[in-house]
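> after the sequence you'll find the predicted model.
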There are 6 protein chains.
Amino acid sequence: MIRFNNRPQHFPESVAEHSFYVAYFVLIICSLLEKKKIKVDIKKALAMALVHDAEEGFSGDILNPFKHFNEKVYAAIREVNRQMVGEMFADLPKELSSELVEQWKEENAAKSIESQVVKVADKLQLLSKCFEEIAAGNTYFEEIYKDQLSSLKKLNQPWWKKIASEVLSGAEKEI
Amino acid sequence: MIRFNNRPQHFPESVAEHSFYVAYFVLIICSLLEKKKIKVDIKKALAMALVHDAEEGFSGDILNPFKHFNEKVYAAIREVNRQMVGEMFADLPKELSSELVEQWKEENAAKSIESQVVKVADKLQLLSKCFEEIAAGNTYFEEIYKDQLSSLKKLNQPWWKKIASEVLSGAEKEI
Amino acid sequence: MIRFNNRPQHFPESVAEHSFYVAYFVLIICSLLEKKKIKVDIKKALAMALVHDAEEGFSGDILNPFKHFNEKVYAAIREVNRQMVGEMFADLPKELSSELVEQWKEENAAKSIESQVVKVADKLQLLSKCFEEIAAGNTYFEEIYKDQLSSLKKLNQPWWKKIASEVLSGAEKEI
Amino acid sequence: MIRFNNRPQHFPESVAEHSFYVAYFVLIICSLLEKKKIKVDIKKALAMALVHDAEEGFSGDILNPFKHFNEKVYAAIREVNRQMVGEMFADLPKELSSELVEQWKEENAAKSIESQVVKVADKLQLLSKCFEEIAAGNTYFEEIYKDQLSSLKKLNQPWWKKIASEVLSGAEKEI
Amino acid sequence: MIRFNNRPQHFPESVAEHSFYVAYFVLIICSLLEKKKIKVDIKKALAMALVHDAEEGFSGDILNPFKHFNEKVYAAIREVNRQMVGEMFADLPKELSSELVEQWKEENAAKSIESQVVKVADKLQLLSKCFEEIAAGNTYFEEIYKDQLSSLKKLNQPWWKKIASEVLSGAEKEI
Amino acid sequence: MIRFNNRPQHFPESVAEHSFYVAYFVLIICSLLEKKKIKVDIKKALAMALVHDAEEGFSGDILNPFKHFNEKVYAAIREVNRQMVGEMFADLPKELSSELVEQWKEENAAKSIESQVVKVADKLQLLSKCFEEIAAGNTYFEEIYKDQLSSLKKLNQPWWKKIASEVLSGAEKEI
């Protein structure tokens, strides 16, 4: 399963690689949050990071502009994903399977702090992927890099505002 | 844009490669139809073959079981595709752009003989891709090969019934 | 079968992919010609585009400076290609096979408007491949990009002169 | 960073992909352990899985038979890894960096249950990678598949003996 | 420059990789010849192995059945190669360049023992490439493997007859 | 076996490809030395070039900063390599196997002129690999390019000082 597959890129990334880096960024963010005494369930956030794109094994890689084209298609896709994501974990022990489906849904809902941390880590992973492509000469990733960076700066969840400048300080100078 | 990207495969195929082979199979089928005095607009069928997957540049590669999971998601995806496919041809002269959108829609509707020829060519291309994977050792494509072959045998459009055995004679011995 | 295989490139292109894009450019050019009331057999031009490099399956990818090194080698290669191209279509129904060989030869001769359209589409495809490589950082394709663009501007077939500026308007600003 | 790079393989795996699957297997194992009322710190085990091969970014992929060739080279490599692994986390906040180094060292020592869980998950990941290669036709991975399976059956840590047959039941029938 | 590029293969091989293995096989053969007191200029044989496919940088990868299709094309291709191979060494010091061109021509002529050793090493390299493909599941290389093996057995240069069974003893059991 | 595998690169290089280019640079250097009447055993230098990285088939690709991290690890790795390199040639006739081990060791020791020539060729190969990556847009190789170039300029073996400016004259203008 290769992501972003409609853009010329140097280093195609599988869902597994992407999820690895998201989990790694989750570790970093949670550590910063703990320093600020903000409570977060790291175990849950890590598990969420590992499964947050699991539905792509069933749906394929649906591109974002399509997914969000209108309310109806977004709702329909979301609904099928919710019904089907369990199949991705069908071989697992039943308790774990249910737990992972719950975490996938929670991540999807983006309400708990853990799910929001995963969403931000997801954006940071994309930012770092763009950076690597650009450093390897690929101008196709410049626009998406700027968009992601500016969207990350605008996020106004309280916990994020407390650590954003620290997290993003490096990224801005990079390019 | 790489197709089938959730199955371990030896020779990933881009939409361009896939569409090339579909167009080539369209040429073959149309030639057989002409011999049987069955009328088909080859130019239209070829153009359809070239654009039949154009929407994937916008949607990404949505896997079939997902697309057909329920009536609602299928309708919603179809609707967005119909609205958006024009964007894939946005840089083209306006007349051509409209014509290609019409051909894409006609192929999608699968009612005219030309669109049905493209649908069959699409399946034949998949069959031949499976054959190549299997000959290169890949057991993951055995099931899908058998499914495609049996689905092609069951198709009962009148024009297809007149040429099916000739077209499929080779395929059956192959594996 | 991978093309240009002696130049460091980011996105190697198979003959199938190349031929797909040539066929797509043929569609565009023919549409522009129709608007200018210039007659062209689109079906024939598309079939030619699909088979114009078929001989490479037998010959391999012979590089252009070699092929055109002297009259003798060019004539000898051309002669073998003419004798052998039929083998590439050996599995096809006999009528189609003969027809494709004829179209391959006609394309090769570059006399009919359809064959000239395919030749121009071939150059446009190369131009767009170069553009993609360059946009992804690859300086090795800059020279060939400029050469192709200037050779396209100098072509003086009457039909081409009527649409060249419209077709090339985008390409020039690009780089 | 590509693993196993001295064996002909169909699906090369980066350290990130490998670590993702190890973390995923850690989740599964921990879930089974919880059902058996065996205490395990899942958060710690997950973090360990994410960083357990981090030193390879500095050392490169040193093959196992080399690493274990004699006591002296093993000790020397281990010692450098211990001194250098911190560099892999040099850009992280200091607390997190120290914590990850500690977890890397603990995993390396293989004494705590969490580290042993990661070691088993590491072997399971290799087993599943071998399975995929073999199913795609690659006989070069048959021997290593059998070796891993038999080594997993012989492991006699008490916690493992309680879940081994459940975990391995699928693997044995597979091939 | 990728070789054999019209056959589905798992491990495409560059001219550099191929030439490396040919040189390595040359070392082996020469060592066996020395044991049998057969004189051979190893330095010359190694240099020949390194440059024996140099012309492909200029010609591209012309497939064998094409090259040998008739006497005329073979002579014409050979002639251009002879005139052009110098360009591949144009950046080198003049003496070396002339020497390499001479060695390339001598290898081409296949008269001296050194050139015959390179020709045999070339076939052995192909044999070992086929073996690797087959062991990785690829049935497309079975026929060419058998052909090469049988052609190697039939070679009747005196020096080869003295070492052939020793060299080929392994290869026959392999498959 | 892919080299440099911890740095994003466009054109990964196998040990075989690398060794081919090293052997080719050895030919060039030796030719320049002969012109300057400096004695060098070309056959030996070529054989050394072919085997100089043979141990990587057993050790994997251990990165340089790791290998040279401290005296102890360097000595331990070197010792294992010396004991194990013979295994890489285990299938060869015994005389040749011993001879190649000797040449590998001599290259490693870097005392004879032949071994020093191989060491320089190794650096030139890296320089040319960096140049290709940079020309293809990859900024990750700029630093290492400059480092290699400056280290080559500082080398003060007498034989090298006599040809260095001629060899490096091209490289400096390149970037």
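Nice, I can see it. All values derive from a computational prediction rather than experimental measurement. Numbers count the residues shown, from 1 in each chain, chains lettered A, B, ... in the order given.

> and for residue A:151, the neighbour number?
By other CB atoms under 10 Å in any protein chain shown, 12 other residues sit near residue A:151. Heads up, the C-betas are built off the backbone N, CA and C, glycines and all.

> do the longest helix along chain A and chain F meet?
In chain A, taking DSSP state H as the definition, the longest helix is helix A:113-135. Yes: remark: helix A:113-135 sits within contact range of chain F at A:132, A:135, by CB under 8 Å from any CB of the partner chain.

> what's the first helix or strand after that helix?
helix A:142-154 (DSSP states H and E).

> what residues are up against residue A:8?
With contacts defined as CB atoms under 8 Å, 6 or more residues apart in numbering or on different chains, residue A:8 is in contact with A:138, A:140, C:10, C:11, C:132, C:135, C:136.

> just to revisit the earlier point, what angle do helix A:142-154 and the longest helix of chain A make with each other?
150 degrees (axes from the mean of the first three to the mean of the last three CA atoms, to 10 degrees).

> please save the CA atoms from helix A:113-135 in CSV.
Extracted in CSV, the C-alpha atoms of helix A:113-135 (Å, rounded to 0.1, in the frame of the first residue of the first chain):
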residue,chain,number,x,y,z
ILE,A,113,-6.5,14.7,23.3
GLU,A,114,-4.9,11.4,22.3
SER,A,115,-6.6,11.4,18.9
GLN,A,116,-5.7,15.1,18.4
VAL,A,117,-2.1,14.2,19.2
VAL,A,118,-2.2,11.6,16.5
LYS,A,119,-3.7,14.0,14.0
VAL,A,120,-0.9,16.5,14.6
ALA,A,121,1.7,13.8,14.4
ASP,A,122,0.2,12.8,11.1
LYS,A,123,0.7,16.3,9.8
LEU,A,124,4.2,16.5,11.2
GLN,A,125,5.1,13.2,9.4
LEU,A,126,3.8,14.6,6.1
LEU,A,127,5.8,17.8,6.7
SER,A,128,9.0,15.8,7.2
LYS,A,129,8.3,13.6,4.2
CYS,A,130,7.9,16.8,2.1
PHE,A,131,11.1,18.2,3.5
GLU,A,132,13.0,15.0,2.4
GLU,A,133,11.5,15.1,-1.1
ILE,A,134,12.4,18.8,-1.4
ALA,A,135,15.9,18.3,-0.2
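
> and the pLDDT for residue A:2?
For residue A:2, the model assigns a pLDDT of 50.

> please apply the same query to the one 10 residues further on.
With respect to pLDDT, residue A:12 scores 90.

> could you confirm it falls within a helix?
No: assessed with DSSP: H, G, I helix; E, B strand; the rest coil, residue A:12 is coil; it does not lie in a helix.

> phi and psi next, for it.
phi -60, psi 150 (degrees, to the nearest 10).

> shaky segments in chain A?
Low-confidence segments of chain A (pLDDT under 70): A:1-6, A:170-175.

> so which bits of it are right by chain E?
Checking chain A against chain E by CB under 8 Å from any CB, there are no hits.

> tell me which stretches of chain A form helices.
With DSSP H as the criterion, chain A has helices spanning A:15-35, A:42-51, A:56-59, A:64-67, A:71-88, A:94-109, A:113-135, A:142-154, A:158-174.

> check whether the fifth one contacts chain B.
By that I understand helix A:71-88. Yes: Helix A:71-88 comes into contact with chain B (CB under 8 Å from any CB), by way of A:72, A:73, A:75, A:76, A:77, A:79, A:80, A:83, A:84.

> need the buried ones from these selected in ChimeraX.
To isolate the buried ones among these in ChimeraX, judged by 16 or more other CB atoms under 10 Å in any protein chain shown, type:
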select /A:73,76,77,80,84
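
> next, give me the two most distant ones among the residues of helix A:71-88 next to chain B.
Greatest spatial distance among the residues of helix A:71-88 next to chain B (CB to CB): A:72 and A:84, at 18.5 Å.

> skipping its backbone neighbours, what lies nearest the residue most central in space within chain A in space?
By CA atoms, centre = their mean, the mean C-alpha position of chain A lies nearest to residue A:122, the distance being 2.5 Å. Leaving aside its chain neighbours, residue A:122 sits nearest to residue A:22 (5.4 Å; criterion: CB to CB, 6 or more residues apart in numbering or on different chains).

> which bits of chain A sit near chain D?
A:14, A:16-17, A:19-21, A:23-24, A:27-28, A:31-32, A:35, A:42-43, A:46-47, A:50, A:91-93, A:95-96, A:99-100, A:170.

> okay, now residue A:150: neighbour count?
Neighbour tally, residue A:150, other CB under 10 Å: 9.

> how about the one 5 residues further on?
Using other CB under 10 Å, residue A:155 is surrounded by 13 other residues.

> need phi/psi at it.
Dihedral pair for residue A:155: phi -50, psi 130, per degrees, to the nearest 10.

> settle this for me: it is touching residue A:167, isn't it.
No: using CB atoms under 8 Å, residue A:155 is not in contact with residue A:167; the gap is 10.8 Å.

> contacts only, for the residue in chain A that chain F sits nearest to.
Of all residues in chain A, residue A:137 sits closest to chain F, at 1.8 Å by CB to the nearest CB. Residues in contact with residue A:137 (CB under 8 Å, 6+ apart) are A:10, C:136, C:137, C:138, F:136, F:137, F:138, F:139.

> swap the cut-off to 10 Å and go again
The contact partners of residue A:137, taken as CB atoms under 10 Å, 6 or more residues apart in numbering or on different chains, are A:10, C:10, C:133-139, F:10, F:133-140.
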